[in-house]
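**Student:** Give me the fold of what follows.
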Amino acid sequence: MIDRVGLAAFLRHRRESLQPEDVGLPRGQRRRTSGLRREEAAALCHMSTDYYARLERERGPQPSEQMIASIAQGLHLSLDERDHLFRLAGHHPPVRGADSEHIGPGMLRILDRLADTPAEIVTELGETLRQTPLGVALTGDSTRYTGPARSNGYRWFTDPAARRLYAPEDHSFLSRMYAAGLRGIAGLRGPGSRAAYLADLLLAQSEEFRQVWNDQEIGIRPHDTKRFVHPELGRLELTCQRLSDPQQSHHLMVYTAVPGSESYDKLQLLSVIGTQIVGSGVGNGPVPEPPEGRPAGR
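**Tutor:** You can find the predicted model right below:
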């Protein structure tokens, strides 16, 4: 059962303990609130201020599991805090590990401070969970996909538009890298995993994937420099730095350019141009249902 008193007290304490700069918000000169305002917390949690306020006032219906997950992420809760929040709301906590999509607060704090840099947080299957505004301007909104198409490796072999983002001379290497990476994850997670399910889908749908998969390659690492092709700015050569959270199997990818280079100047221009929806006209297409007993992509 929901513990309304405990839930309200926990939410108030977590909101009041967060400062605007902790979540990438400007403080402002006339702020009197010690922590976040309710409307700020509600926006971070993707809900109305009225709904959030009712929870803090011990009112309203029992929030769903999806709503509690959104609150836990919006308030930058740790895994232990997230699990406690679920129990207060009368739900069982989600699983931890490779399938979890709850981003650790430390990684979120870093991402919030990278507003002027292309960056994204991805799962081990290449599913984008968060992007900075400049990350969206570089590659488009990669969080909009659903089902297996959430994985950039899956899109690489099934959606031709995915390849327009990268220099043609890198396509062959990237095909080998995605196949080898998926093989490694499937071997690590086992035959019933989401990685194994994606491999089965691709084997059924892509002749190119079948060819590179049959080469049995493993351990192909991405290059430090990635060559993007932007529809407005053309080619950009960006260095990719990766910060990993081994507990959640999430990676923070940060893209920078060498100062003084042509790509550096283009990156500055990109911040002025604003968000470009790359491949905006491309749909995800029909996605086959998973075989009975197999996990569906989320």
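
**Student:** Let me see the ranges of the helices in this protein.
**Tutor:** With helices called from DSSP state H, the chain shows them at 4-17, 38-44, 49-56, 65-74, 79-88, 105-112, 133-139, 152-158, 171-189, 194-205, 207-213, 262-273.

**Student:** nearest to Glu127, of those helices?
**Tutor:** Closest to Glu127 of these, according to C-beta to C-beta: helix 152-158, at 7.7 Å. Every C-beta, even on glycine, is put in place using the N, C-alpha and C of the backbone.

**Student:** ok, residues contacting stretch 80-93?
**Tutor:** Stretch 80-93 is contacted from outside by 1-3, 6-7, 10, 14, 62-63, 65, 68-69, 71-72, 77, 94, 102, using C-beta atoms under 8 Å, 6 or more residues apart in numbering.

**Student:** do stretch 26-40 as well
**Tutor:** With C-beta under 8 Å, 6+ apart as the test, stretch 26-40 has contacts from 15-21, 23, 25, 44, 49, 52-53, 56.

**Student:** residues in contact with the residue lying closest to Arg227 once chain neighbours are set aside?
**Tutor:** Setting aside the residues directly before and after it, Arg227 is nearest to Ala167 in space (C-beta to C-beta, 6 or more residues apart in numbering), at 3.9 Å. By C-beta under 8 Å, 6+ apart, Ala167 lies in contact with 227-229, 235.

**Student:** Buried ones only from the residues you listed, please, as a PyMOL command.
**Tutor:** To isolate the buried members of the contacts of Ala167 in PyMOL, using 16 or more other C-beta atoms under 10 Å:
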select buried, resi 227+228+229
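
**Student:** could you dump the contacts of Ala167 to a markdown table with pLDDT and distance to Leu201?
**Tutor:** Below are the contacts of Ala167 laid out as a markdown table (pLDDT from 0 to 100; distance: C-beta to C-beta, whole Å):
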| residue | pLDDT | distance to Leu201 |
| --- | --- | --- |
| Arg227 | 96 | 28 |
| Phe228 | 96 | 26 |
| Val229 | 95 | 27 |
| Arg235 | 95 | 32 |
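
**Student:** With distance to Ala195 added, can I get the contacts of Ala167 in JSON lines?
**Tutor:** Converted to JSON lines, the contacts of Ala167 look like this (distance: C-beta to C-beta, whole Å):
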{"residue": "Arg227", "distance to Ala195": "27"}
{"residue": "Phe228", "distance to Ala195": "26"}
{"residue": "Val229", "distance to Ala195": "28"}
{"residue": "Arg235", "distance to Ala195": "32"}
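
**Student:** and which of the contacts of Ala167 is nearest Arg113?
**Tutor:** The shortest approach to Arg113 among the contacts of Ala167 belongs to Phe228, at 22.6 Å (C-beta to C-beta).

**Student:** hang on, the earlier thing: and the contacts of stretch 26-40, which two are the farthest apart?
**Tutor:** Across the contacts of stretch 26-40 (C-beta to C-beta), the longest gap, 23.3 Å, separates Glu21 and Ala53.

**Student:** Who are the contact partners of the most centrally placed residue in the chain?
**Tutor:** Residue closest to the average C-alpha location in the chain (C-alpha atoms, centre = their mean): Leu129, at 1.2 Å. Leu129 is in contact with 101, 103, 120-123, 143, 250, counting by C-beta under 8 Å, 6+ apart.

**Student:** how does it look with 6 Å?
**Tutor:** 101, 103, 121 (C-beta atoms under 6 Å, 6 or more residues apart in numbering).

**Student:** same question, Arg150
**Tutor:** Applying C-beta under 6 Å, 6+ apart, the residues near Arg150 are Glu127.

**Student:** So it versus Arg144, what's the distance?
**Tutor:** 9 Å (C-beta to C-beta, to the nearest Å).

**Student:** follow-up on the earlier one: can you flag the buried ones in the contacts of stretch 80-93?
**Tutor:** By 16+ other C-beta under 10 Å, the contacts of stretch 80-93 give 7, 10, 14, 63, 68-69, 71-72, 77, 94, 102 as buried.

**Student:** quick one, longest strand in this protein?
**Tutor:** strand 234-245 (DSSP state E).

**Student:** before we move on, back to that, least confident of the buried ones among the contacts of stretch 80-93?
**Tutor:** For the buried ones among the contacts of stretch 80-93, the model is least confident at Pro94; its pLDDT is 88.

**Student:** Which one of the contacts of stretch 26-40 is nearest to Leu203?
**Tutor:** Among those, and counting by C-beta to C-beta, the member closest to Leu203 is Leu44, at 40.5 Å.
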